[in-house]
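Student: Sequence plus the predicted model coming up.
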Amino acid sequence: MIALASKGRSWIPQPLRRGAAILLGALFISWPAFYNGFPLLYPDSISYLDDGRLVARALFLHRLAGYYGGRSFIYCLGILPFHWNQTAWPVVALQCLLTAWILFLVVRSIAPRRPVLPYLVIVLTLSALTGMSWYAAMVMPDIFGPLLYLAVYLLVFARDSLTRAERWSLYLFAWWAVAAHATHMMLGCALCLLLLVTLLITRRTLRPIAEFAAILALAAAAQLALHGYLYGKPSLFGKHPPFLTARIIADGPGRWYLQEHCAQLPWVICKHLDHLPDDADTFLWAPDGIWQTNSKSENQLLAEQEMPFVLATLRAYPLAQLERSTESFAQQLVTFGYDDLDANDWVLAQFPAVLPRALGSYQRSRQARNQLPLDSLDALQNWTVALSLAAFALLAPFLRRLRSPRLAGLSLIVVSMTLANAWITATLSMVEDRLQCRVVWLLPLLAALSALAWIESRRGSAIRP
């Protein structure tokens, strides 16, 4: 196939050849699931698999419940037809195909004449050396974040490389990706503002930004309508744990504010003043943590009192909180390992209720037996990211001379979203390997595409739209 793709002419029609390349790319990307012997799971994966049926019953059978979980219901509903609480393999197939398809469109935008061979080389390299494949093969919406940013690049900077069907497919995917996770919504809004300023400065048409803003608005409207129907009160993010409360207490300023003012405040959190935890993870998820030991009514009050508490703390200690947040951002920026792929006893305990027929297969997986080579994967990705940054720095003078709006736009999106992802996740949630590992593979991709653009320019076929 690769040999045929490298020839100028082939008896295989071009659409068939490119479709076969995407399928082969999806197979490359899915290798961690086959190596593991089961789709990769994170504790949140169980919620995404389980909550979909509850939401579907409420929507289609009008069997309402009091609580549907704290994850994105739109992602839950999207993957429900692919697993039906029987097997998670079709979810992995879907995510790997989407990843392979969008990567092909990106590579084609840089090398339109002969995209198949460089595409396969780039996909194989990223699959072997970065976390891209591991997050595409995991039942989580995490892979949708970086794919969303690549889709925005295509719609804004490379839209003339797309057919009408591809463009509308990207609109639909971008809507799902934005609605699939709260951070995608926040990062999408930040990216929209950044690109609006960029296009105004460069005097380019604003139509792509208007379309992306419409996608963001439609995703927000869907979230508001769905939560309004399920809970009787519209909201963007539904009922979720008090991440900000946990974060600001762990940082210190929240604790200081409570120590000074709890005597005059009727807040639920003041009940725990003498044993506030030092980290957000313990606050939220430890069996003896505050969120897990509170009653439902107390947790509801805790959630309602979150924003008054956070805003009061920020007014009292703005510089101290900024310093703590900056430290967390710097730590998150270089924290992108695979430690979150360890076996989890809670996941195993939920299988009889969520995926009962798949319990045996999961128990035989490498992940369930803690036999994944996580340390080796960490070292491999660290070296790959470091070498990619060095390669991109070496290519920077050439890129300036090339003056390709596509490559410049892609660089702007990749770098800004890598930084913004670290800032938002570290300051609003917690520093965690998974949160940055899911996007850091965009840096090696950017380096590879820069090298591809250099090769294409030497062949006299560089694109300068």
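Tutor: Sure thing, it's come through.
Student: what sits up against the one helix or strand Tyr75 maps to?
Tutor: In this structure, Tyr75 sits in helix 73-83 according to DSSP states H and E. Residues from elsewhere that reach helix 73-83, judged by CB atoms under 8 Å, 6 or more residues apart in numbering: 48-49, 51-53, 55-56, 59, 69, 90-91, 93-94, 139, 141, 144, 176, 179-181, 219, 222-223, 226-227, 230, 238, 355. Quick note: C-beta positions are derived from backbone N, CA and C, even for glycine.
Student: Weed out the non-buried ones from those.
Tutor: Buried by 16 or more other CB atoms under 10 Å: 48-49, 51-53, 55-56, 69, 91, 93-94, 139, 141, 144, 176, 179-181, 219, 222-223, 226-227, 230, 238, 355, out of the contacts of helix 73-83.
Student: quick one: which of these sit in strands?
Tutor: Judged by DSSP state E, those include no members of strands.
Student: ranges for the helices of the stretch 351-465 of the chain?
Tutor: Secondary structure of the stretch 351-465 of the chain, counting by DSSP state H, counting those that start in this stretch: helices at 359-363, 374-402, 405-428, 433-440, 442-458.
Student: Count the neighbours of the closest residue to Pro444 other than its chain neighbours for me.
Tutor: Once flanking residues are discounted, Pro444 sits nearest to Ser388: 4.1 Å by CB to CB, 6 or more residues apart in numbering. Applying other CB atoms under 10 Å, we find 23 residues neighbouring Ser388.
Student: need the contact list for Ser388.
Tutor: Residues in contact with Ser388 (CB under 8 Å, 6+ apart) are 443-444, 446-448.
Student: excluding its backbone neighbours, what's nearest Ser446?
Tutor: In this structure residue 446 is Leu, not Ser. Closest to Leu446 by CB to CB, 6+ apart is Val414, at 4.7 Å.
Student: just Leu301 next, same as before
Tutor: Leu301 sits nearest to Val268 (CB to CB, 6+ apart), 4.7 Å away.
Student: Any figure for the gap between that neighbour and Gln436?
Tutor: Distance of Val268 to Gln436, given as CB to CB, to the nearest Å: 32 Å.
Student: so what pLDDT did the residue nearest to Leu301 get?
Tutor: pLDDT, Val268: 89.
Student: again with Ala128
Tutor: The model's pLDDT for Ala128 equals 96.
Student: can I get the CA coordinates of the host helix or strand of it in CSV?
Tutor: In this structure, Ala128 sits in helix 116-129 according to DSSP H and E. Provided in CSV are the C-alpha atoms of helix 116-129 (Å, rounded to 0.1, in the frame of the first residue of the first chain):
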residue,chain,number,x,y,z
VAL,A,116,-0.5,9.2,2.1
LEU,A,117,3.1,8.2,2.8
PRO,A,118,4.0,11.2,5.1
TYR,A,119,0.7,10.7,6.9
LEU,A,120,1.4,7.0,7.6
VAL,A,121,5.0,7.9,8.8
ILE,A,122,3.7,10.6,11.1
VAL,A,123,0.9,8.5,12.5
LEU,A,124,3.2,5.5,13.1
THR,A,125,5.8,7.7,14.8
LEU,A,126,3.3,9.5,17.1
SER,A,127,1.6,6.2,17.9
ALA,A,128,4.9,4.6,19.0
LEU,A,129,6.5,7.6,20.8
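Student: any idea of the angle it forms with helix 374-402?
Tutor: Helix 116-129 runs at 140 degrees relative to helix 374-402, counting by axes from the mean of the first three to the mean of the last three CA atoms, to 10 degrees.
Student: ok, Tyr68 - contacts?
Tutor: Taking CB under 8 Å, 6+ apart as the criterion, Tyr68 is in contact with 51, 54-55, 58, 230, 238.
Student: Chain neighbours aside, what residue packs nearest to it?
Tutor: Once flanking residues are discounted, Tyr68 sits nearest to Leu54: 4.9 Å by CB to CB, 6+ apart.
Student: shouldn't the one you found be in contact with Ala65?
Tutor: Yes: applying CB atoms under 8 Å as the test, Leu54 and Ala65 come out as touching, 5.8 Å apart.
Student: the more surrounded of the two?
Tutor: Leu54 (18 against 11).
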